[in-house]
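> build the 3D model from these lines:
(chains A, B and C)
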Amino acid sequence: MNNAPVAERGFPKEEVYRHLVSILGKEWVLHTPEELIVYECDGLTLHTRLPDFVVFPTCTEEVVKIVKLAGQYKIPFVPRGAGTSLSGGAIPVEGGVVLEFSRMNRILNIDYENRLAIVQPGVVNLHVTQAAKKKNFYYAPDPSSQMVSTIGGNVAENAGGPHTLKYGVTTNHVMALEVVLPDGEVYELGTAAGDAVGYDLVGSFVGSEGTFGIVTQITVRLLYSPPAVKTMLAVYDSVVDATKTVSGIIARGVVPAALEMIDRNTIQAIEASVYATGIPKDAEAVLLIEIDGLATGIEQQMERILEVIKTNNAREIRVAKNETERKKLWAARKNAFGAYGRISANYYTMDGVIPRSKLPQILQEIDDLGRRHGLRMANVFHAGDGNLHPIILYDIHQPGAKENVLALAGEILQRCVEVGGALSGEHGIGLEKQEFMSLIFSEADLHAMQQLKQVFNPENLANPSKIFPIRRGCRELPKNILESSDQKYKAYQEIVRF
Amino acid sequence: MDQKYNQASSTVSDRAVLTPECIHCGLCLQACPTYVELGKEADSPRGRIYLMRAYERGVMPFSESFVQHISACLDCRACESACPSGVPYGELVEKAREVIEHRVQRSYLAGAFRTFTFKRIFPSRRLLRLHFNLLRLYQVIGLQKLVRLTGLLKLFPGHLAELEQLVPDIRKKKDHVELGSVFPALGKKQYRVGLLTGCVMNEIFGHINQATIRILQRNGCEVVVPAAQSCCAALHCHAGIMDTAREMARKNILAFEEAQVDAIIINAAGCGAKLKEYGSLLAEDREFCKRAQVFSQKIKDISEFLVDLPQMARPGALSVRVAYDDPCHLLHAQKIGQAPRNLLKNIPGLQLVELERPDQCCGSAGIYNITQYDLSMRILDKKVDDINNSDAEVVATGNPGCILQIAYGLRKAGIAHIRVMHPVELLEQAYQNSK
Amino acid sequence: MKSPTSEIPGTLPSSETSRFIVDGLQPQVAVEPKSVEEIGELLRLAGTQKWGIVPFGAGTKQRIGNPLRRFDVAISLANFNRVPEYEPEDLVVKVESGCRLVDLQRTLAPDNLFLPLDPPYYNESTLGGMVASNASGPWRFGHGTMRDFLLGISVVQPDGTPTRFGARVVKNVTGYDMCKLYVGSFGTLGILTDFYFKLKPLPPCEKTVLVVLKGLSEVGLALDKLFSSPLTPSAVELLNPAALAVLNQSISLTDSKEGYSLVVRFGEVENAVKWQVEQLERLWEPLCAKGIILGDIVEQNLLWEVLREDRSYLNGFQGSVIKLKVNGKSNQLVELTQRLESYIKSHAGSGIIRAFLHLATSPPEQQTMVACVQGLRSYLRPYRGTVIIESLPLALKGTIDVWGCDTKDKYLMQRIREKYDPLGTLNPGRFVV
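Below you'll find the predicted structure:
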């Protein structure tokens, strides 16, 4: 089938290298192991494979030439933006050519009349907003990596972020794409003029994790920046009270721009770190709530929220009075991951999503599961979306730690699926969770998905061996996900020079 | 493998010094001026750490590519401000350079010079004078080892000729502060502070040191300038010449211990950052590690010190539009961004304008503008654009390297109406006006 | 070749087949399956027999499309009309495809929730039909379209295999986003049996502003001003003088005033709505000949019903009506409005115009119509805009492609169709591919 690994192919490396150089020039074709090694992984570090080449195209025509060359020699290719994927989206797991988009980073046009921007895939997410700011427009999807991650990568992974509760994810903001498919043909998909006719090819392409082809131009929607923002933080003695607040706010007809929850272990980590913000260490949960909109309506909304917070026994409420205070409140949330390092030698960040109403139940279960495995857990997540990020704290040097963590992670994902949730809310499947796909999808479901892949990528050259289960048995994480680096590094393979 | 690398000397210990705790999230990428400019992972902080790790674990042999990517780092430490995990990148890159320094038969700097210099030789009077100036500058800075090793300073690349403008003729300068002096407080004495003059600062910008002393006197400080003080060792650390660096650090600690001061004032961001890190520089030194920490705690950037005073003497009016540019080693290394701005805002009539990217490196970075001339200039061009797009009359920045670099950039771009000054110069002018 | 027989489970009496006429064609058999298994069985049989199958909801969108190549079996989803899962707290509901939109809204209303989609035939439309046709209405400006609300979907593949994609969660990147593939696929990729939808809270307060502008150029100015302001209307509709006249016949709001009219709806907390109405008055005051504000909910609903529905525009005219959906960029609205001398209402914020062309049946007029559509299509082609003929007199069907899709990506659509429905069982001939 389509997802079978492309055969371990031998191809005339020198010949391909010469072709690539003739397309891009020597400086922009990396081929020696010491130059390639930094491209052997992305945000998922412990799964590595050296690409054969890393190339830096500057325009669609060059991408076409590279892709055609790859097609001619049947070499797999993988697009890469900033390399921040947490599921291994940009790891060239079968080697081949990595197309790095750092030189295709121009904002081609901002069309304020039609409220859209046309950008190249290497444009950094935040730069779109910065460019549109002077006219009060912005690009809504804001993954935590937005200061570095690229729109191309965001499109591939259908990136989310804290503000998706109200504004949706990447796919809700992409109107049109220019793509290069593995046959080397350039297609325009979708339109900025009303509805597209025919199948929603843009919607199908967004979130395909680079397995359909390469995005070379993106038309995104811009929104008018809400003039007013209110941010508040509520401290609770019970997780149940905090989750009740979440549903209470929604039930009141208020859709906050962001609704984030931080649990006890995370609070302790933050307060033990340099990012301490003075949250009481014995608190069980903290909610960070942000609403935005018009200055006139926002007070009314905030009163409703404060009411809900109070009726749910919050022991402390802080409302940011200005931008500085707002940043301070967000600092606790944003620095949480950095802070885990202070309380644990290693940690594994998971991503799962459940129906919001199951939050109290699942949080309790995760806690129990952790205890059963003798592992500490922490949780900091997008409560409004039901998008959990359970953090498993562990020490790789403890005997059996790896197997234990993997078993726990598997059980947590299984529970997420059982209550009607899914394997990933925003990190994607990639290499990390491909073996879990059969937890949620039947063979027929997966087959239907792969048929779509065959439409775009019939020879399986674009980002092969991702998303769908392969090789390994079902229901287990790829073994090397948590392997310590020392074990992981194999002997440095012989250096090929030419 | 290239023969000039001493493979045999590879030991476990020199591999073990590089132990970053980077989680590879990549949030540092856009903070890094070299990544933004070059677009290659190996020229980003994450990529460099990955290279260090690969080398340390023995996955990757020592290579010219490794030297090149580690050398291309500005050591501006903007990545540290962006890092959610608090990875001490500055320390890591300095350790990596120490490894390189040990591994390469010549010093890192000499290697860099070799790589980036000699293409053409212009034996002209102009260049000879420049040569002399550079040599004198390096002697002053105390990089004797460097100068010794770079006997090849005889050879000048084409672009060094352009750099002549960067390095003023320091032989003519006579305004430096004499070491060993003591300056009394004006009015009631509140504090006894020490001044670390800095090498470049004192030799090229003596008047800034003079201004610093006058401002301190005016604010009730008796100012001591210990005679036994030495260079701060920042440039040595950047270059990985650690033995000399530690030597100098010990010398400074002794000098200021003897002076018995409440605080040690520094007006050069690069020096300040290093002085505050003596604790880790001398962490292995049993005799000095505790004393180094005490010393580092006393180090205050002039802006930090003045802003924290319970009551600062009120400056007079100064009508000027000023853009403040953050020196990397003040903002990212010392996390001081607000104090100098507050200092300037405190001057009646002074209008503070923000640059588009005040936190971006200007490309000076110690002697980076000499070792990595082309890249440095590309980074400088962006800074000059930002300055030109602001309507500032003065760019204020608290580091001599940055002052030289930005002034050079402005001259190169033919922008004559914008001056580069140290914030204390503006403050001193304002004090003059208060009379 | 065997004909469909009444042996198929769920087959309706032959007297019922007249309910399932499409473009004058009556199926041989109409079936009302009770389960996914029955649908699967039927599709497998259809595959072996090379039948042409048309899935049916309320049938309100059946006039859209090119003529069917063949029509053997109509599959009615009338038995799939339940709301099997509903958790108000999650703002998510599971609905079967034969359930009517109004019935769903009735279930949601007690919890102050709704599915913010308001297509024409609001009262009859089923959710299956809405997904299949990507139906939308004025709310699309403030709320979005079907693709923004569909979270999960169950599909019986053309080969009869049941499949399921997405989940009952609002944020999900587990595998490909298959939901998008089925939105607007016009029943060509499988039989859709149930959906998970994301819901929104009902706005606590609503107000509608209707203004008659001094002229067409003021329309452009007014929209520019609105879209570069912080105002967040839920709908922005444009009516040309002809369409305004139709509106006036239904509800006399603007007396005899003639001209271009913009209708704007706000729905938020009370003081936010009040403030926005005031702001809008201030913004548009110099451009308006007349303006009225509707606060009364009954009056508003009546107005929006007329705007949303096609009835008033289709009824009461001699000759036949052609309904166009013109997809342009929002800054092309004025230009397009000028080009179209017909009854026009448009989703002004989205660049979509719904135009009703009235014409006599005589051949010269038909040629005029064809020329008009082709002219528009070639004008819009460089902007990737399109003109879909949503309704066309039967006599004219087949004389012009109603979709007008001739871009390169059509090839990919063909490949999709071939992958999923290689035998061309579903809605043969009607869709783009």
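
> moving C-terminal from the helix or strand hosting residue C:46, which element do we reach first?
Taking DSSP states H and E as the definition, residue C:46 sits inside helix C:36-49. Next helix or strand after helix C:36-49 toward the C-terminus (DSSP H and E): strand C:53-56.

> pairing partners for the following helix or strand past that following strand, with directions?
Taking DSSP H and E as the definition, the helix or strand that follows strand C:53-56 towards the C-terminus is strand C:73-76. Its sheet considered, strand C:73-76 pairs with strand C:29-31 (parallel), strand C:53-56 (parallel) by DSSP bridges.

> what's the average pLDDT for strand C:73-76?
Here strand C:73-76 scores 97 as its mean pLDDT.

> which residues of the chain score low on pLDDT?
This is for chain A. For chain A, the stretches with pLDDT under 70 are A:1-9, A:46, A:274, A:471-498.

> let me rephrase: I mean chain B.
Ranges of chain B meeting pLDDT under 70: B:1-20, B:105-174, B:366-367, B:370, B:435.

> mind doing that once more with 80?
B:1-21, B:85, B:101-102, B:104-175, B:199-204, B:235-236, B:238-241, B:365-371, B:435 (pLDDT under 80).

> in it, what residue lies closest to chain C?
Of all residues in chain B, residue B:25 sits closest to chain C, at 18.5 Å by Cβ to the nearest Cβ. Backbone N, C-alpha and C define where each C-beta goes, glycine included.

> quick check, that residue in contact with residue B:79.
No. The pair residue B:25 / residue B:79 is not scored as a contact, 11.5 Å apart, by Cβ atoms under 8 Å.

> neighbour count winner among those two?
residue B:79 (27 against 24; other Cβ atoms under 10 Å in any protein chain shown).

> assign that one to helix, strand or coil.
helix (DSSP: H, G, I helix; E, B strand; the rest coil).

> show me the contacts for it.
B:28, B:31, B:32, B:45, B:87, B:89, B:332 (Cβ atoms under 8 Å, 6 or more residues apart in numbering or on different chains).

> repeat that for 7 Å
B:28, B:31, B:32, B:45, B:89 (Cβ atoms under 7 Å, 6 or more residues apart in numbering or on different chains).

> distance of it from chain A?
11 Å (Cβ to the nearest Cβ, to the nearest Å).

> equivalent analysis for residue B:427, please.
25 Å.

> make sure that residue is indeed in a helix.
Yes. Looking at residue B:427 with three-state DSSP, it is inside a helix.

> from what I can see it touches residue B:343, true?
Yes. Here residue B:427 reaches residue B:343: they are 6.4 Å apart, a contact under Cβ atoms under 7 Å.

> higher neighbour count, those two?
Shown here are residue B:427 and residue B:343; by other Cβ under 10 Å, residue B:427 has more neighbours (30 against 25).

> contacting residues for that one?
Shown in contact with residue B:427 (Cβ under 7 Å, 6+ apart): B:215, B:315, B:343, B:347.

> which residue ranges form the helices in the stretch 101-250 of chain A?
A:125-132, A:151-157, A:164-167, A:201-205, A:239-251 (DSSP state H, counting those that start in this stretch).

> can you say which of the ones you listed is nearest to residue A:88?
helix A:151-157 (10.9 Å; Cβ to Cβ).

> the closest one and chain B in contact?
No. Helix A:151-157 lies out of reach of chain B by Cβ under 7 Å from any Cβ of the partner chain, never closer than 10.3 Å.

> tell me the gap between that helix and the middle of its chain.
Relative to the centre of its chain, helix A:151-157 is centred 9 Å away, using Cα atoms, centre = their mean, to the nearest Å.

> domain ranges for chain C, per the record?
C:14-76, C:85-201, C:205-308, C:317-392 (automatic domain parsing).

> quick check: residue A:332 is in a helix.
Yes. The assignment for residue A:332 by three-state DSSP puts it in a helix.

> can you tell me how far it is from residue A:315?
As judged by Cβ to Cβ, to the nearest Å, residue A:332 and residue A:315 stand 16 Å apart.

> looking at the two, which is more packed in?
Of the pair residue A:332 and residue A:315, residue A:332 is the one with more neighbours under other Cβ under 10 Å, namely 24 against 14.

> what's around the nearest residue to residue A:239 once chain neighbours are set aside, how many residues?
Leaving aside its sequence neighbours, residue A:239 sits nearest to residue A:285 (Cβ to Cβ, 6 or more residues apart in numbering or on different chains; 4.9 Å). Other residues lying near residue A:285 total 25 when counted by other Cβ under 10 Å.

> kindly report the same for residue B:262.
For residue B:262, using other Cβ under 10 Å, the count is 14.

> so what's residue 261 bridging to?
Here I'm looking at chain A. Beta-bridge partners of residue A:261, counted by DSSP bridges, are residue A:287, residue A:381.

> I was after chain C.
Beta-bridge partners, per DSSP bridges, of residue C:261: residue C:212, residue C:239.

> now swap in residue A:352 and tell me
Beta-bridge partners, per DSSP bridges, of residue A:352: residue A:388.

> I'd say it and residue A:413 touch.
Yes. Contact criterion Cβ under 7 Å: residue A:352 and residue A:413 qualify, at 5.7 Å.

> so those two - more neighbours on which side?
Applying other Cβ under 10 Å to residue A:352 and residue A:413 shows that residue A:352 carries more neighbours, namely 29 against 24.

> quick one, what contacts the more buried one?
Counting by Cβ under 7 Å, 6+ apart, residue A:352 touches A:388, A:412, A:413, A:416, A:421, A:423, A:425.
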